[in-house]
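Student: The sequence and its predicted three-dimensional model are supplied below.
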Amino acid sequence: MANKTTAEKLATIQKGYTLEGATIELGAAIVDGELHKEAQVRLPLAMMNRHGLVAGATGTGKTVTLHMMAEQLSAAGVPVFLADIKGDLSGLATAAAGSEKLKARTDSIGQAWAGKTFPVEFLALGGDGNGIPLRATITSFGPILLSRVMELNDTQESSLQLVFHFADKNNLELIDLKDLRAVIQFLTSDEGKDELEELGGLSKATAGVILRELVNLEAQGLERFFGEPEFDTAELLRTAPDGRGVITCLELPTLQTKPMLFSTFLMWLLADLFEDLPEAGDLDKPKLVFFLDEAHLLFNGASKAFLNAITTTVRLIRSKGVGIFFVTQTPKDVPADVLGQLANRIQHALRAFTPEDAKALKATVSTFPMSDYDLEETLTSAGIGEAVITVMNEKGAPTPVAHTRLRAPESVMGPSTEELIKSTVGRSALLAKYGTAVDNVSAYEKLTGKAAAPTGGAAPGEPPVPGTRPAGSGQPGSGPAGSGQAGSGQADVDAEARRIEEEILGRPSSRPAPAPDHAGTDTPSRRAPEPAAPAGGGMVGDIAGALGGALGGGLKSMVRSLGTQLGRELLRGVFGTSSRRRR
């Protein structure tokens, strides 16, 4: 290898990247320190559902790389999902302006550059930002993902799964955090102790710990991310009227304070897609390419069940036409079982300032095929906007390793103006569908006897504003119990935390003592849940009513429970997820 001439090395790269089908153009190869625009490095569009890794040290151009790839995917009619952590990716909606420096770079790599805009849909997690609110119901999110957000241990995670099982079996809809809190409160109360015993593996103490963590989530304001209307992940698969793929950009302005929530919500989107999409086989182009930025957040401290679920999803979602690209600093951030499924590799520069850095560099080099490059030297000397690349060719074999100067994006490499983002959101067809939160009858109302808080749509001709909620909606701002009582928010949180610590965990509480209440606002007594008849009644409901009336309430309850199992059984996915759309 070392005695190959530059011409021979160049010929190897040119042959390896001569592909027949549609491709994503990545850039031009650098061989022996010289840029060769005649040696174009490409990624077959049909192989993008074999997943990939975009890695490199901070500041080496990873975000620009996925920006450039998203543009070309959209132009090819492929929808794209991006998590916009720094706010830079909103620039996809604004055409870039040329310059002499930019022209010199694009000419040097053989890129015919022109400033362009792309169809972008802006989302915001729970309405935390300018985008259209992205929410999930608690039941859809499932116990494994919720355990991740709550940072529960394996035992507590197993116990939470039992709580979900109890709610599913008894038709207690878990829409938001107050629903799950009401179910656990019932199970830890005198009224629910028999039900708690029947669950077997769920102790009162563990239930108390879960309840305490749930109250902490509410105290942090995380209730806004759970509720209805739930986001339908089919929205991620849309194309614009001109045939280009819609780029869905999830803005995350408060990532630093909620990193676990962000990464887990991205996994929920993938899990929901996995459950909904049919098998597709080999396609000419993927149905969706999903970029998971800051991928290390997914795996830090993850439970075995969570890691197994990620591995299963990544392995199987390929056949449904979805490609996943993990974006992180080094390959060691990704578990080996997942890394082994990432066929397309774009590795930006790494640093070797510390012994740990040197170890990561050697590990990264070992994951590449044999090549004509000294990869340790190349990876530590590569400039910004350069990367070492190997991808899967159309025959399923790895392409030659190529040190590549990457193409420049044609839209703005930075944020779009706030006015443009707000106007884009205001024109979106999704705003009327997801802009206003609703609070339907669910487990909380069934267990406490309270009516659902009134909610309503936006006024005709006036789309709802993201981040706002109707008065008395039972959502953030109306108290964690959703009661709509003014000023009850933090006081209710403190009172509930005291009850958990003193009554369930059996220790003195550090929370402030509640002020005396002379308003007579006692909480109604909790009622034992009764399995409901299948939605819509029908034959099973008629049989339950007839037999129950003739032979007694016990048989009526049994038949009704059987009907519930047949008519509304929840089939939970690999993460324990279950969408109401799939019932």
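Tutor: Cool, the structure landed.

Student: Could I get the full set of strands for the protein?
Tutor: 23-31, 34-44, 52-55, 80-84, 120-125, 132-134, 247-251, 288-292, 322-328, 344-347, 386-390, 402-406 (DSSP state E).

Student: is it true that residue 405 touches residue 27?
Tutor: Yes. Under the criterion of C-beta atoms under 8 Å, residue 405 makes contact with residue 27 at 5.0 Å. C-beta: built from backbone N, CA, C; applies to glycine.

Student: Any chance of TSV for the strands of the chain, columns mean pLDDT?
Tutor: Listed next are the strands of the chain as TSV, based on pLDDT from 0 to 100:
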stretch	mean pLDDT
strand 23-31	97
strand 34-44	96
strand 52-55	96
strand 80-84	92
strand 120-125	94
strand 132-134	94
strand 247-251	93
strand 288-292	94
strand 322-328	94
strand 344-347	96
strand 386-390	97
strand 402-406	97
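
Student: May I see those strands arranged in CSV, with distance to residue 68 and mean neighbour count as well?
Tutor: CSV is the format used below for the strands of the chain (distance: least, C-beta to C-beta, whole Å; neighbours: other C-beta atoms under 10 Å):
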stretch, distance to residue 68, mean neighbour count
strand 23-31, 8, 23
strand 34-44, 11, 19
strand 52-55, 11, 26
strand 80-84, 12, 26
strand 120-125, 15, 25
strand 132-134, 25, 27
strand 247-251, 12, 26
strand 288-292, 12, 25
strand 322-328, 12, 25
strand 344-347, 10, 25
strand 386-390, 11, 24
strand 402-406, 7, 26
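
Student: In a markdown table: the ones you listed, plus distance to residue 428.
Tutor: Output for those, formatted as a markdown table (distance: least, C-beta to C-beta, whole Å):
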| stretch | distance to residue 428 |
| --- | --- |
| strand 23-31 | 27 |
| strand 34-44 | 30 |
| strand 52-55 | 28 |
| strand 80-84 | 16 |
| strand 120-125 | 6 |
| strand 132-134 | 6 |
| strand 247-251 | 11 |
| strand 288-292 | 18 |
| strand 322-328 | 23 |
| strand 344-347 | 31 |
| strand 386-390 | 34 |
| strand 402-406 | 31 |
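
Student: Provide a list of residues in contact with residue 398.
Tutor: Going by C-beta atoms under 8 Å, 6 or more residues apart in numbering, residue 398 touches 343, 369, 390, 391, 392.

Student: what's the residue closest to the geometric middle of this structure?
Tutor: Among the residues of the chain, the one closest to the centroid is residue 266, at 1.1 Å (C-alpha atoms, centre = their mean).

Student: what's the spacing between it and residue 84?
Tutor: Using C-beta to C-beta, to the nearest Å, residue 266 is found at 12 Å from residue 84.

Student: Mind listing the shared neighbours of the two?
Tutor: residue 250.

Student: Highest neighbour count among the contacts of residue 398?
Tutor: Ranked by the number of neighbours (other C-beta atoms under 10 Å), the contacts of residue 398 place residue 391 first, at 25 neighbours.

Student: if I pick that residue, what's in contact with it?
Tutor: Neighbours of residue 391 in contact, by C-beta under 8 Å, 6+ apart: 42, 43, 44, 47, 52, 343, 344, 345, 398, 399.

Student: want to throw those into a markdown table with distance to residue 198?
Tutor: Formatted as a markdown table, the contacts of residue 391 follow (distance: C-beta to C-beta, whole Å):
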| residue | distance to residue 198 |
| --- | --- |
| 42 | 60 |
| 43 | 54 |
| 44 | 55 |
| 47 | 51 |
| 52 | 47 |
| 343 | 48 |
| 344 | 50 |
| 345 | 51 |
| 398 | 54 |
| 399 | 58 |
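
Student: picking up where we left off before, I figured the residue nearest to the centre of the chain was touching residue 83, is that so?
Tutor: Yes. Using C-beta under 8 Å, residue 266 is in contact with residue 83, at 6.1 Å.

Student: what do residue 405 and residue 27 both touch?
Tutor: In contact with both residue 405 and residue 27: residue 109, using C-beta under 8 Å, 6+ apart.

Student: The longest helix along the chain - what's its average pLDDT?
Tutor: In terms of residue count, the longest helix belonging to the chain (DSSP state H) is helix 259-276. If you average the pLDDT over helix 259-276, you get 86.

Student: Show the end-to-end separation of stretch 356-375, please.
Tutor: Stretch 356-375 has its terminal residues 18 Å apart, counting by C-alpha to C-alpha, to the nearest Å.

Student: Start at 526, not 1
Tutor: Let's use 526 as the start, then, which means that last one is stretch 881-900.

Student: Report the buried residues of that stretch.
Tutor: 885, 886, 889, 890, 892, 893, 896, 897, 898, 900 (16 or more other C-beta atoms under 10 Å).

Student: Contact partners for residue 771?
Tutor: Neighbour list for residue 771: 599, 604, 605, 644, 645, 646, 763, 764, 765 [criterion: C-beta under 8 Å, 6+ apart].

Student: Give me the common contacts of residue 791 and residue 608.
Tutor: By C-beta under 8 Å, 6+ apart, the residues touching both residue 791 and residue 608 are 775, 817.

Student: picking that back up, farthest-separated two in the buried residues of stretch 881-900?
Tutor: 885 and 897 (23.1 Å; C-beta to C-beta).

Student: any weak-confidence spans in this protein?
Tutor: 526-527, 778-782, 975-1101, 1103-1108 (pLDDT under 70).

Student: ok so, going back, mind checking the strands of the chain for the one nearest to residue 945?
Tutor: strand 645-650 (9.6 Å).

Student: and that closest one, what does it pack onto?
Tutor: Where contact means 3 or more C-beta pairs under 8 Å, 6 or more residues apart in numbering; DSSP states H and E, strand 645-650 is packed against strand 657-659, strand 772-776, helix 784-801, helix 943-952.

Student: Please name the strands paired to that strand in the sheet, noting orientation.
Tutor: As defined by DSSP bridges, the strand partners of strand 645-650 come to strand 657-659 (parallel), strand 772-776 (parallel).

Student: Compare those strands and report which one is nearest to residue 732.
Tutor: Across the strands paired with strand 645-650, closest to residue 732 is strand 657-659 (C-beta to C-beta), at 29.6 Å.

Student: what's that closest one in contact with?
Tutor: Contacts to strand 657-659, defined as C-beta under 8 Å, 6+ apart, come from residues 646-652, 750, 756, 775, 790, 950, 953, 955-956, 959-960, 962, 991-992.

Student: buried subset of the residues you listed?
Tutor: By neighbour count, with 16+ other C-beta under 10 Å, the contacts of strand 657-659 hold 646-652, 750, 756, 775, 790, 950, 953, 955-956, 959-960, 962, 991-992 as buried.

Student: circling back: tell me which residues of the longest helix of the chain are tucked away?
Tutor: 784, 786-801.

Student: List the contacts of residue 700.
Tutor: Counting by C-beta under 8 Å, 6+ apart, residue 700 has contacts 662, 663, 664, 751, 752, 753, 964, 965, 967, 968.

Student: How about residue 664, nearest residue that isn't a chain neighbour?
Tutor: Distances taken as C-beta to C-beta, 6 or more residues apart in numbering place residue 699 nearest to residue 664, at 4.2 Å, with adjacent residues excluded.

Student: which stretches of the stretch 826-975 of the chain form helices?
Tutor: Using DSSP state H, counting those that start in this stretch, the helices of the stretch 826-975 of the chain run over 829-842, 861-864, 880-891, 900-906, 943-952, 956-959, 968-973.

Student: can you check the stretch 626-775 of the chain too?
Tutor: Going by DSSP H, counting those that start in this stretch, the stretch 626-775 of the chain shows helices at 663-675, 679-694, 702-712, 718-723, 729-744.
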